[in-house]
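Trainee: Got a predicted model here, sequence first, then my questions.
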Amino acid sequence: MARKQQDHQYQGDFHYSKRASKGHFVVYVGKEMKRFVLPLCYLKNSIFQQLLEKAADEYGFNNINGIVLPCDESTFRKITGLS
C-alpha cells in the first residue's frame, strides 16, 4: 500500500467542495473530519475494505457527509501508509 506521497492529496477543511480527480475517491477521517483523496487501488486492500464495512455498519450508506471512516487519523495513516 506504500505509494509516493504525491499520490495522496490532503485537505484539512471538511467543507472543501472540489471533486476528486479521475481514478480517486474522497474519505473523511477522525473527529476533525480531515479530507483525504485516495487512488482507487486502495479499494482492493483487504484491511481498507474492512474499514469501509465498519463505516457502512456505523454510518449507513446514505451519509450526506460522504465516506466517513470510523477511526482516528493516526490509525488511518498507518493503514494507508501515509504515516
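Mentor: Happy to help now that I have it. What you see is a predicted model, and the numbers here were worked out from it, not measured in a lab.

Trainee: For the residue lying closest to Tyr28 once chain neighbours are set aside, the count of nearby residues, please.
Mentor: Nearest residue to Tyr28 in three dimensions, chain neighbours excluded: Val68, at 4.8 Å (C-beta to C-beta, 6 or more residues apart in numbering). Where C-beta positions appear, they are placed from N, C-alpha and C, glycine not excepted. Residues lying near Val68 (other C-beta atoms under 10 Å) number 15.

Trainee: Quick one: residues contacting Val68.
Mentor: Listed by C-beta atoms under 8 Å, 6 or more residues apart in numbering, the contact set of Val68 reads Val27, Tyr28, Val29, Met33, Ala55, Tyr59.

Trainee: do you know how far the fourth one is from Lys44?
Mentor: Taken as C-beta to C-beta, to the nearest Å, the spacing of Met33 relative to Lys44 amounts to 25 Å.

Trainee: Among these two, which residue is more densely surrounded?
Mentor: The residue with more neighbours, out of Met33 and Lys44, is Met33; 15 against 9, by other C-beta under 10 Å.

Trainee: Could you look up the SS state of the residue minimising distance to the centre of the chain?
Mentor: In the chain, the residue lying closest to the centroid (C-alpha atoms, centre = their mean) is Val27, at 3.1 Å. Of the three states, Val27 takes strand under DSSP: H, G, I helix; E, B strand; the rest coil.
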